[in-house]
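Novice: okay, predicted coordinates and the sequence, questions at the end:
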Amino acid sequence: MLDKYGIAKRIAKEIKDGYYVNLGIGIPTLVANYISDDIDVVLQSENGLLGMGPFPHEGEEDPDYINAGKQTITTLPGSVFFDSAMSFGMIRSRKIDLTILGAMEVSEQGDIANWKIPGKMVKGMGGAMDLVASAQNIIVAMQHVNKAGESKLLSACTLPLTGIKCVKKIVTELGVFDVLPMGGFKIVELHEGVTLDQVRYSTQGKLVE
Amino acid sequence: MLDKYGIAKRIAKEIKDGYYVNLGIGIPTLVANYISDDIDVVLQSENGLLGMGPFPHEGEEDPDYINAGKQTITTLPGSVFFDSAMSFGMIRSRKIDLTILGAMEVSEQGDIANWKIPGKMVKGMGGAMDLVASAQNIIVAMQHVNKAGESKLLSACTLPLTGIKCVKKIVTELGVFDVLPMGGFKIVELHEGVTLDQVRYSTQGKLVE
Amino acid sequence: MINKSVSNAIEAIGEVKSGMTIAVGGFGLCGIPENLIAALIAKNLKELTCISNNAGVDDFGLGLLLQGKQIKKMIASYVGENAEFERQMLSGELEVELVPQGTLATRLMAGGYGLPVVYTPAGVGTEVAEGKEVRKFKFHGVEKDYLMEYAFEPDFALVKAWKGDRMGNLIYRGTAQNFNHTMAMCGKVTIAEVEELVEPGVLDPNFIHTPGVYVHRIFQGENYEKRIEQRTFRPKD
Amino acid sequence: MINKSVSNAIEAIGEVKSGMTIAVGGFGLCGIPENLIAALIAKNLKELTCISNNAGVDDFGLGLLLQGKQIKKMIASYVGENAEFERQMLSGELEVELVPQGTLATRLMAGGYGLPVVYTPAGVGTEVAEGKEVRKFKFHGVEKDYLMEYAFEPDFALVKAWKGDRMGNLIYRGTAQNFNHTMAMCGKVTIAEVEELVEPGVLDPNFIHTPGVYVHRIFQGENYEKRIEQRTFRPKD
């Protein structure tokens, strides 16, 4: 069973040399720390930056240099700034190879819900709906079950949707799952110490073993 | 009666302080020479320049600095270069105050034909269709009759159209004419030495005296 | 030389009236037009419809307008950092229209590029699609559904740039560009505040982000706070 | 660092095949990818569909491809400077689709911005509108007709920039930017030739016209002729 750092580390293996990658807030942000030094990757921040570098050293923060999570960041050689319209233009025109984001629920059809819980304060979808509607390759990083112990891998999402038929892969603390084109969560691997029974118990949607 | 320089000089009077102006090829290009020194005007060239300056001195021409007629030009303080999509974006979003272009025919409804003569080699419409479809204020600079002596101010255009219901004003060697919203060429002024009969004789479309 | 410079924010927003729709640049607190927001407060304009990616925080940015109950309707993609916002929304005082961030940017772009509508896939199959025209197009080799979204045509766009010249040419710095350029292009009237106002000819004509033709008034702002929302550091090496 | 640089034009166009659709940057002879055009000739690729604002002149630019009968179809806004073009068009050897210049630019932009279609007023009521969907929209306070136009999705975009870095970031100079930026954004594969190839970090990240994400291969071109079509001077002072 993996902790959030383990999930991030596992997802980092999906990133290939030369990829342009968009990392969402939460566990996805941690992925950046585990990208192999052997490959060259460019991180996109949808507020208008390609080539996001690490957080600045204390005292070197610049209010004009932030990421989509409003955190202070740095640039790297070859970085580019641009406006929001171009940023989502490149997302829609599929120039970003991989999008990694968190979710509250994923359905066996690849639908995703990650922006709104009825009855709770709605903060907005930010760029998530644009990313999931256009990305050619979406990996979801999330816990397998929610705090109430209910499965987040469902036959159908119960929360308001962010996008439909878009998630390709899910990495949870229990394992790695492909969302099959005809529907269903295909077990790609179980993390160390995880049993098939654990996964069966924690997965409400159709599991393909 | 005016020659082409006179027509250009007369049109220059229509340009107001602070205007952004697009000048077409031919007589419209000459208009730039007659803009009053008392007003500030920015010339747009649709290949990607705001703030077009005069032709360069011999030996100072730069192949990267041309206008929409492919002539070598210079810039002025405050000039900006941009790409073709933005150039026509600003034309469509009505940021250009005045467009001046030539025509083969104009109808009393304000239709314009200036790009194609059936049976002759078709060179293309260039940016003319975009300009006439979007400009809020279009002045046509042309001769009142063609080389065959036929009127170019018609009840309906006979040549393939460039745009419909768009021309607001026409300046010819004979006079200045407003195209009325309900149709018709309203005589605004006759140039020196021109008689009403001359205009009547040379105008096939509906003349409003 | 066309001179669009005015002396300050109050003069610049002279024609902005209560009830108007204004687009306000910035992403979070990054690149927001601090002086223009202060002027909206000073003039106590009311019933504003604000188009902005975010709504500021309680005591800065558009949050200050919310404190003064100056905003009638907020059109944004993410509004999570603001308790007063939440209170007004839940009480029904504030109307909120949530728009996917890319759709927001693209509808603004459409306004600036003279395109009445755009089709975008964002929100297909979600509540964002409710009441909208859905149409199939084949693009990138895939046939899928798109939503028709209308261009924004705000009465005013209030933007903040790094440098600008008296003809209205603007350049931005870093991620403070964000929505500012796109909004500058779509305002019926666009007002820009800049950290440094220069004479025409100082800025390189090859590297201007927003051509002055889009900008109606410009002034040099004062006392920029440029507050940081999430001050995040890497461990000391 | 992602390194997209290759050594020359022949290597760069390795995957371009006869029969493909290629967008070629430039306006007239200004900003055309001279080395890439030479490589298309050297490899004698045939049956090309070229999207370019113009078709060069008889002995330069795309005119050279016409001489070699390499172009099957030309999509352009203005093709007037070329006798061989006229001959091939009149004889029916060459298919020609004339597109208003702004529509051309906007259809290319749509490709790069992931918008399957755009609505533009250019050509309404003319032969350009034949066979196209016409739709009324209210915009800028005026209700009028617009034509639905499809995004371009060329197999390759061949563009020329002033400077570029090995990650594919590009900057243009003067009016040589023209269609190059827009085309670079919409190519399924985009190849850029530059006058000067630099290391990443040399170009200011605030002032890059085309981000490298749009560019797949880049090389430093040789022997730029940069021919001028209309050498026009002002009288001596």
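Specialist: Structure received.

Novice: please see if stretch A:10-24 touches chain D.
Specialist: Yes: using CB under 8 Å from any CB of the partner chain, stretch A:10-24 reaches chain D at A:18, A:20. The way it works is simple: take the backbone N, C-alpha and C, and place the C-beta from them, glycine included.

Novice: got a list of contacts for that stretch?
Specialist: A:2, A:27-29, A:31-32, A:34-36, A:38-46, A:50, A:91, A:95-102, A:128, A:131, A:135, A:139, A:141, A:169, A:171, A:176, A:191, D:2, D:213 (CB atoms under 8 Å, 6 or more residues apart in numbering or on different chains).

Novice: and these, which are buried?
Specialist: A:2, A:27-29, A:31-32, A:34-35, A:40-46, A:50, A:91, A:95-102, A:128, A:131, A:135, A:139, A:141, A:169, A:171, A:176, A:191, D:2, D:213 (16 or more other CB atoms under 10 Å in any protein chain shown).

Novice: strands - which of the residues you listed land there?
Specialist: Per DSSP state E, strands hold the following members of these: A:42-45, A:50, A:98-101, A:139, A:141, A:169, A:171, A:176.

Novice: how about those residues in a markdown table, adding distance to chain C and pLDDT?
Specialist: Below are these laid out as a markdown table (distance: CB to the nearest CB, whole Å; pLDDT from 0 to 100):
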| residue | distance to chain C | pLDDT |
| --- | --- | --- |
| A:42 | 15 | 98 |
| A:43 | 13 | 97 |
| A:44 | 12 | 97 |
| A:45 | 7 | 96 |
| A:50 | 11 | 98 |
| A:98 | 16 | 97 |
| A:99 | 12 | 97 |
| A:100 | 17 | 97 |
| A:101 | 13 | 96 |
| A:139 | 19 | 97 |
| A:141 | 19 | 97 |
| A:169 | 19 | 98 |
| A:171 | 24 | 98 |
| A:176 | 25 | 98 |
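
Novice: identify the farthest-apart pair in those.
Specialist: Within those, A:50 and A:176 form the most distant pair, 27.8 Å apart (CB to CB).

Novice: I figured residue C:61 hits residue C:31, correct?
Specialist: No: here residue C:61 does not reach residue C:31: they are 10.4 Å apart, not a contact under CB atoms under 8 Å.

Novice: and for residue 12, the neighbour number?
Specialist: I'll assume chain A. For residue A:12, the count of nearby residues is 19 (other CB atoms under 10 Å in any protein chain shown).

Novice: ah, I was thinking of chain C
Specialist: Residue C:12, neighbours per other CB under 10 Å, totals 27.

Novice: that one is in contact with residue C:190, isn't it?
Specialist: No: using CB under 8 Å, residue C:12 is not in contact with residue C:190, being 10.4 Å away.

Novice: which residues do these two both contact?
Specialist: Common neighbours of residue C:12 and residue C:190, using CB under 8 Å, 6+ apart, are residue C:217.

Novice: now do the strands in chain C.
Specialist: Using DSSP E, strands in chain C cover C:21-24, C:48-51, C:71-76, C:95-98, C:117-120, C:134-139, C:142-150, C:156-165, C:170-171, C:189-198, C:217-220.

Novice: tell me the buried residues in stretch C:219-237?
Specialist: C:219, C:220, C:221, C:227, C:228, C:229, C:230, C:232.

Novice: can you read off the pLDDT for the residue in chain C that chain B sits nearest to?
Specialist: Going by CB to the nearest CB, chain B is nearest to residue C:114 of chain C, at 2.5 Å. At residue C:114, the model reports a pLDDT of 97.

Novice: and it, how far from residue C:214?
Specialist: According to CB to CB, to the nearest Å, residue C:114 and residue C:214 sit 12 Å apart.

Novice: who has more neighbours out of those two?
Specialist: Ranked by neighbour count (other CB under 10 Å), residue C:114 and residue C:214 place residue C:114 first, with 29 against 25.

Novice: contact partners for the nearest residue to that one once chain neighbours are set aside?
Specialist: Excluding its sequence neighbours, the residue lying closest to residue C:114 (CB to CB, 6 or more residues apart in numbering or on different chains) is residue B:92, at 2.5 Å. In this structure, residue B:92 makes contact with B:130, B:133, B:134, C:113, C:114, C:115, D:102, D:120, D:121, judged by CB under 8 Å, 6+ apart.

Novice: roughly how far out does the helix or strand of chain A with the lowest mean pLDDT sit from the chain middle?
Specialist: Across the helices and strands of chain A, mean pLDDT, DSSP states H and E gives its lowest value to helix A:27-31, namely a mean of 93. Relative to its chain's centre, helix A:27-31 lies at 8 Å (CA atoms, centre = their mean, to the nearest Å).

Novice: please see if that helix touches chain C.
Specialist: No: Helix A:27-31 is not in contact with chain C by CB under 8 Å from any CB; minimum separation 10.0 Å.

Novice: could you name the helices and strands sitting against that helix?
Specialist: Secondary-structure packing of helix A:27-31 (3 or more CB pairs under 8 Å, 6 or more residues apart in numbering or on different chains; DSSP states H and E): helix A:4-12, strand A:98-101, strand A:138-141.

Novice: try it again with 6 Å
Specialist: helix A:4-12, strand A:98-101 (3 or more CB pairs under 6 Å, 6 or more residues apart in numbering or on different chains; DSSP states H and E).

Novice: let me see the residues that make contact with that helix.
Specialist: Residues outside helix A:27-31 that contact it (CB atoms under 6 Å, 6 or more residues apart in numbering or on different chains): A:4, A:7, A:8, A:11, A:12, A:23, A:100, A:101, A:102, A:141.

Novice: and these as CSV, adding distance to residue A:110?
Specialist: Shown next, in CSV, are those (distance: CB to CB, whole Å):
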residue, distance to residue A:110
A:4, 23
A:7, 19
A:8, 22
A:11, 17
A:12, 22
A:23, 20
A:100, 15
A:101, 13
A:102, 15
A:141, 15
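
Novice: quick revisit: among the buried residues of stretch C:219-237, which ones are in helices?
Specialist: Taking DSSP state H, every one of the buried residues of stretch C:219-237 sits outside helices.

Novice: the longest helix in chain C is where?
Specialist: As assigned by DSSP H, the longest helix anywhere in chain C is helix C:101-112.

Novice: quick one: is the least confident helix or strand in chain C by mean pLDDT near chain A?
Specialist: Least confident helix or strand of chain C, by mean pLDDT, DSSP H and E, is helix C:83-91 with a mean of 90. Yes: applying CB under 6 Å from any CB of the partner chain, one finds helix C:83-91 in contact with chain A at residue C:86.

Novice: same thing with stretch C:17-35?
Specialist: Yes: contact between stretch C:17-35 and chain A, assessed by CB under 6 Å from any CB, occurs at C:27, C:28, C:30.

Novice: can I get the residues you listed in JSON lines including distance to chain D, neighbour count and pLDDT?
Specialist: JSON lines is the format used below for the residues of stretch C:17-35 next to chain A (distance: CB to the nearest CB, whole Å; neighbours: other CB atoms under 10 Å in any protein chain shown; pLDDT from 0 to 100):
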{"residue": "C:27", "distance to chain D": "16", "neighbour count": "29", "pLDDT": "98"}
{"residue": "C:28", "distance to chain D": "19", "neighbour count": "26", "pLDDT": "96"}
{"residue": "C:30", "distance to chain D": "14", "neighbour count": "30", "pLDDT": "98"}
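
Novice: right, I'll call it a day here.
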